[in-house]
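Peer 1: Okay, here's the prediction I keep looking at, along with the sequence it came from:
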Amino acid sequence: MLTLVNNTDTNDDIVPEAHGLYRLHLKPNTQIAIEAKPVFGANITLHSSVLKHDNFVATPDNILGWLDHFGLSHFVIKPETNNTDATDTSVLLPSQFLKAEGGILRVTSPMRIYVISKTPIDINKRGLCLFTPVK
């Protein structure tokens, strides 16, 4: 994400925000269901209301879905960048952004979420969403 910064009252400097933009991927062969309650046999059940919106702010009170006993291990988080020469080898853990207490999937802090896929096939291929922490 970019933000305008006013250093000298000119307001023409654009700098990346410290928290960045991330893509939430699922590991291959993860079974996904989209329902309003947990689905037996699915590794991840996404709450159907999550996919009704193109973007929204999720808070730690919101239920995004439900996970099986493997929890957050189904997710992979990668920084979203336009730079094809990026050599960022930092490891992002799903637990930095998501939590799964009692099998319920929630965010750890408020996040702006941009849904990029709405069907299980697309989610497995392109990832579920882009997201960025909000202040």
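Peer 2: Cool, the structure landed.

Peer 1: From residue 34, how far off is residue 133?
Peer 2: 25 Å (Cβ to Cβ, to the nearest Å). All C-beta spots, glycine's among them, are computed from the backbone N, C-alpha and C.

Peer 1: can you pull the contacts of residue 94?
Peer 2: For residue 94, the contacting residues are 72, 73, 75, 76, 77, by Cβ atoms under 8 Å, 6 or more residues apart in numbering.

Peer 1: now do the same end-to-end measure for stretch 50-63.
Peer 2: 9 Å (Cα to Cα, to the nearest Å).

Peer 1: Same question for stretch 80-92.
Peer 2: Stretch 80-92: ends 12 Å apart by Cα to Cα.

Peer 1: and if you look at stretch 108-126?
Peer 2: 23 Å.

Peer 1: What of stretch 51-59?
Peer 2: 16 Å.

Peer 1: quick one: buried residues of it?
Peer 2: 51, 58 (16 or more other Cβ atoms under 10 Å).

Peer 1: Could you do stretch 39-50 as well?
Peer 2: 39, 42, 43, 44, 45, 46, 47, 50.

Peer 1: and if you look at stretch 116-128?
Peer 2: 116, 117, 120, 123, 124, 127, 128.

Peer 1: got JSON lines for those, with pLDDT too?
Peer 2: Listed next are those as JSON lines, based on pLDDT from 0 to 100:
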{"residue": "116", "pLDDT": "95"}
{"residue": "117", "pLDDT": "93"}
{"residue": "120", "pLDDT": "90"}
{"residue": "123", "pLDDT": "92"}
{"residue": "124", "pLDDT": "90"}
{"residue": "127", "pLDDT": "92"}
{"residue": "128", "pLDDT": "94"}
